Structure formats: C-alpha cells, structure tokens
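1. fold the following, please.
(one chain, ligands or ions: 1)
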Amino acid sequence: MHQYLQLNGITKTYGDFTALKKVDLTIEKGEFVTFLGPSGSGKTTTLMIIAGFEKATAGDVLVEGKSLSGLAPHERNIGIVFQNYALFPHKTAVENVYFPLQMRGVRRGEGLKKADEMLALVGLGGFGKRYPKELSGGQQQRVALARALVFEPSLLLLDEPLGALDKNLREQMQIEIKRIQRALGVTTIFVTHDQSEAMSMSDRIVVFEKGEIQQAATPLEIYHKPQTRFVAGFIGESNLVPARIGDAAANQAESTALGICDYAPTESAVTDGQDVTLLIRPEHIRLSRNPIEGRKNVRMQVETIVNYGDNALVIGKVGDLQMRVRVLGADVVIIKEGEECCISWQPEAVFVVPR
Ligand code: ATP
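-> Here you go, the predicted model:
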C-alpha cells in the first residue's frame, strides 16, 4: 500500500486534558477519507495538527515520508475549507480564487485564467465577477472549494464544509465534492459528524471517540463489521444485546432475553464463557404473527410503531430487552401497539462485536 499521509502517534494535551491519544493512521494517495465522531472526539484537532495550525504534543505528520514539523501552514501545500468559508467580502469570486496563487507569486494574467478554470470546474463558470454577498451559501462554498484547490494542493482538508447548508443543497454539494475530488485525484480528509454523509462519500471512514481512533475501514466494513461497541452503536440503527459465548466452536451465544443465539462465524477469537455484545440490525429482523420455520424466533411485546410512510420502526420488549425492528410499510399493518408478535432472524444477522 502506498502510504501518502502518515500520522504517527499524534498526542495532543491541553493542560491535564488529553484531546488526542497516540493517533496512528495512514492514508493512500487519492483517497477520500472521512473523520467521523461525536462532538469533542478530536476530529478538528487532528485536522488542525495536519494543517499546522496546532502543534502536536507528541508524534509526527509525514507526507510521502517527509515530516511536516517545522513547516508553517502556508508552506505545507494544503488546501482547507471550513464551515464558515470566510471568503474575502471585498474581492470578487475570481479574485478570491486567485488569491492563493498571488501569494505564491503567480502572475495576474495566468493566475486569473487558472482561477476561472477552477470556478468552471466547481460549476460556477460565469460567476467570477460576483461578490460573495451576491452568491448563495452553496455557491460561496464552491468558491471556497475552488480557492482551496486552485494551487494544486497535495492534500485537501474539509472541516464540516456543508454544515451551514440546508438538506437538499447539502446532498447536491456532497455529489459535487465527490465529482471534483475524483476528477482531480486529490487526497482528501473530510470531517463530519453526519454518518450518512460519511457513508455516502468516503473510500474509508475513521471513527473517533474520546481522542482515539475506534476503527478505520470502508463504509461497508464499518457498518457490517464494527470492531467496537461504540462503532456498532454510533453507525446506523442497532440492537446491541449483552450475551455470553456458550459454545465458541458451534458459534453459539447465550443471552438472558433471547436465549441461545446462533451467530455469524467471527474472525475475532472468542472463548466459551466470554461476555460479548451481539449486534442485530433492525432491518435484518422479520416481524410476523407466528414463528417462521428455519429462523430464530422470539416473542416480542410491541410498544411503539413509528411510521415513515415507506417503512416503519417497531419498538418492543423481549423480556427486559428493548428491540427495534425495521419493517416495510405494508408489513406493519399485521400488528398493533400493545400486541404480541414474533420476531425472527437468521444466524448471519447476528454479529459478535469484538470489543
Ligand atoms: P466537533 O465535532 O464538535 O467539532 P471535534 O471532534 O472536532 O468536535 P475537537 O475540536 O477536536 O473535537 O476537540 C477535541 C477536544 O479537545 C474537545 O474536548 C475540546 O474541548 C478540546 N479542545 C480543543 N481545543 C482546545 C483548547 N484550545 N483548549 C482546551 N481544550 C481544547
């Protein structure tokens, strides 16, 4: 694997508070990586250290094997877009985009031409002469993106760049950013706390929690094979069931509420008697009046049905355990709140969360 960007044991402390604990990560050239995690988990701090606006207490950032320590932010050749894009209000769009080239000593004629080309690439051809206040939020964000890309940075850092936009515009910009990133092949780190944004945009997702990386993997791996209980609970909807491994050789666990549960063969080493968490996604559970042959069946007391039109979320109790089931809209008419029903699943739907 070509290691383009390397974070080696990055630690950041503020007084006696540790914001980052020995963060290790490698990113390949051209990869689109998302930093995902709750507020305060260390995403922005990591980005700021890469950009050079913050200094790590320990550890090093390397690009193509060379340390960036000792280089000022403007010497790092990194393009950055923040949520509050801060365009220069008294410069036109094209002058804004030309600015980083001007700083790098590119002559005006050539620089403005490049800036125009970059504006066209972000879908703003013909908007160059407008001032920021004459542009919509999404258009301003595109100008900021063009400004971050015009000098062909070795790395693009995007910190919640779509946070201020409404839902439709946000989705449109997600697609645009992906298109532009692909077209230029620029290695990109995108910070968000929106998991669907991370899922849809990334080659790889890095999940942060309390200053540590919980897991760095493709969106599908993160969803289907979460390596920690935190990731299992943070990504998507989940039923997390406390259980104990009954017979590891037979892939069987025992849960107080669900009884004996067959689980999908696991890559992690588990031993008989070990306490574990079982993950069962709500969309992998079927709801029926009567038990279904060939599946694990348990009876559930239905408490709440939340209807979303094309699907519904059914929340109920199996003993003391709350279970959530996602059903297609039509299926939910078979059952009412307060009634008892059957829920069932295949062993493949049950994933043992390693940590
Ligand atoms: P958000 O999604 O809210 O932006 P984040 O994951 O980006 O969160 P960071 O901004 O990296 O989180 O912050 C990580 C932790 O470091 C937080 O607990 C924050 O309060 C703390 N922190 C950040 N900057 C400072 C500072 N200058 N002094 C003290 N603590 C700080």
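
2. against which helices or strands is the helix or strand containing D24 packed?
-> According to DSSP states H and E, D24 maps onto strand 17-27. Contact here means 3 or more CB pairs under 8 Å, 6 or more residues apart in numbering; DSSP states H and E; on that basis strand 17-27 packs against strand 5-14, helix 43-51, strand 58-63, strand 212-217. Every C-beta, even on glycine, is put in place using the N, C-alpha and C of the backbone.

3. tell me the angle of the first one relative to helix 43-51?
-> Same thing as strand 5-14. If you take axes from the mean of the first three to the mean of the last three CA atoms, to 10 degrees, strand 5-14 sits at 120 degrees to helix 43-51.

4. quick revisit: so in that sheet, which strands flank the strand holding D24, and in what orientation?
-> Sheet partners assigned to strand 17-27 using DSSP bridges are listed as strand 5-14 (antiparallel).

5. residues contacting the strand it pairs with, please?
-> 18-27, 42, 45-46, 49-50, 54, 56-63, 65, 155, 187, 211 (CB atoms under 8 Å, 6 or more residues apart in numbering).

6. mind running it again at 6 Å?
-> Outside strand 5-14, the residues within contact range by CB atoms under 6 Å, 6 or more residues apart in numbering are 19-20, 22-23, 25-27, 45, 56-63.

7. ok, and does that strand reach over to the ligand?
-> Yes: Strand 5-14 lies within reach of the ligand by CB under 6 Å from any ligand atom, at Y14.

8. how far is that strand from where the chain is centred?
-> Relative to its parent chain, strand 5-14 has a centroid offset of 20 Å by CA atoms, centre = their mean, to the nearest Å.

9. swap in stretch 74-87?
-> Counting by CA atoms, centre = their mean, stretch 74-87 is centred 21 Å from the centre of its parent chain.

10. again, but for stretch 119-128
-> 29 Å.

11. ok, stretch 286-295 next?
-> 35 Å.

12. what lies in contact with that stretch?
-> Here stretch 286-295 has contacts from 297, 325, 327, 341-344, 346, using CB under 6 Å, 6+ apart.

13. and the least confident of those residues?
-> Among those, V327 carries the lowest pLDDT, at 92.

14. which ones are touching that one?
-> Counting by CB under 6 Å, 6+ apart, V327 makes contact with 287, 312.

15. before we move on, what about I49?
-> Counted by CB under 6 Å, 6+ apart, I49 has contacts A56.

16. distance of it from the ligand?
-> According to CB to the nearest ligand atom, to the nearest Å, I49 stands 9 Å off from the ligand.

17. pLDDT at that residue, what is it?
-> As predicted, I49 sits at a pLDDT of 96.

18. separation between the residue of the stretch 251-355 of the chain at minimum distance from the ligand and D275?
-> Nearest residue of the stretch 251-355 of the chain to the ligand (CB to the nearest ligand atom) works out as R355 at 20.7 Å. R355 sits 12 Å away from D275, going by CB to CB, to the nearest Å.

19. tell me which of those two has more neighbours.
-> R355 (14 against 10; other CB atoms under 10 Å).

20. excluding its backbone neighbours, what's nearest that one?
-> T228 (4.6 Å; CB to CB, 6 or more residues apart in numbering).

21. surely that neighbour meets Q214?
-> Yes: counting by CB atoms under 6 Å, Q214 is a contact partner of T228 at 4.9 Å.

22. which one's more surrounded, these two?
-> Counted by other CB under 10 Å, T228 and Q214 do not tie: Q214 has more neighbours, with 22 against 17.

23. ok, residues contacting stretch 301-320?
-> 257, 298, 300, 323-329, 332, 335, 337, 339-341.

24. just checking, which of those belong to helices?
-> If you go by DSSP state H, the contacts of stretch 301-320 have nothing in helices.

25. any chance of a PyMOL selection covering the buried ones in these?
-> Here is the PyMOL selection string for the buried members of the contacts of stretch 301-320, based on 16 or more other CB atoms under 10 Å:
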select buried, resi 257+298+300+323+324+325+326+327+332+335+341
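
26. tell me the two of the contacts of stretch 301-320 that are most distant?
-> A257 and G329 (27.6 Å; CB to CB).

27. who in the stretch 151-300 of the chain is up against the ligand?
-> Residues of the stretch 151-300 of the chain lying near the ligand (CB under 6 Å from any ligand atom): H193.

28. residue in the stretch 151-300 of the chain nearest to the ligand?
-> H193 (4.9 Å).

29. distance of that residue from M201?
-> From H193 over to M201 the distance is 14 Å, taken as CB to CB.

30. more neighbours: the two, which one.
-> Neighbours per residue, other CB under 10 Å: of H193 and M201, the larger number sits with M201, 22 against 17.

31. next up, the contacts around V186.
-> Applying CB under 6 Å, 6+ apart to V186 gives the contacts L156.

32. partners of E254 in the sheet?
-> R244, I260.

33. what sits up against the strand holding D24?
-> Strand 17-27 is contacted by residues 3-7, 9-12, 33, 42, 45, 211-213 when judged by CB under 6 Å, 6+ apart.

34. mind listing what's buried in that strand?
-> For strand 17-27, a neighbour-count test (16+ other CB under 10 Å) marks 18-20, 23, 25, 27 as buried.
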